[in-house]
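Participant: Quick one: sequence and predicted model below, then my questions.
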Amino acid sequence: MADTISSKGRGSRVPLSILILTQGSSATDEILRECEERTDIWTVRVASVTASLVALRALSVALVLVAPEILSDEISALVAELSHLRNKTPVLLLQKDAMEIPASWQSHRVAVLRCPLVPGLLNRAVDLALQPTRGTRDRPHM
C-alpha cells in the first residue's frame, strides 16, 4: 500500500487501517463511533478471529481493536496467531470487567482499556498505539 496518493500534484496521506474485531451491538457501536468518525484512519470491521486473520494477511493493518463482547478464548487465539506470524501489530482490548490478562498476551503488544470509557479516551489510546507507525511513515525515504 502506498503512503501517499497523488491528487493533482499534491500528496495526500493514506489513512492508517485499524482492524476492529466485533460481533456488533448497539453498545459496541456507541463505543466505537468516535473512532469510526475519524478521517485520519480507516476502520475495517470483522466478526470472527478467522476473518481478522484473513484481513491481517490481506491488508496493512496498524492496530487491532477488540470489542468488549469478544471472549477471552478468541482473544487468546488471535494473540497466539499474531505471535506465530511474527506480526508486531499492537492489540487494544476494550473490556467491561476486570479480567486477568494471561501471561501469553503479555508477550505481544496488548493493552487493555476498561469500559465504560470517558469521552475521547478511545481516540487518545488509538493515537498512542499508532505513534510508532506514524513515526515510521513520516520519516523521509531515500
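Facilitator: Structure's in. What do you need?

Participant: how about the closest residue in space to L121 that isn't next to it in sequence, secondary structure?
Facilitator: What sits nearest to L121 in space, not counting adjacent residues and going by Cβ to Cβ, 6 or more residues apart in numbering, is L113, at 6.8 Å. Backbone N, C-alpha and C define where each C-beta goes, glycine included. Per DSSP: H, G, I helix; E, B strand; the rest coil, the local secondary structure of L113 is strand.

Participant: Could you check the pLDDT of L113?
Facilitator: Note for L113: predicted pLDDT of 92.

Participant: is it in a bridge, and if so with what?
Facilitator: L94 (DSSP bridges).

Participant: Next, count neighbours for it.
Facilitator: By other Cβ atoms under 10 Å, the residues close to L113 number 17.

Participant: next one: V110
Facilitator: When neighbours are defined as other Cβ under 10 Å, V110 has 20 of them.

Participant: Hmm, A80 and it touching each other?
Facilitator: No - applying Cβ atoms under 8 Å as the test, V110 and A80 come out as separate, 11.7 Å apart.
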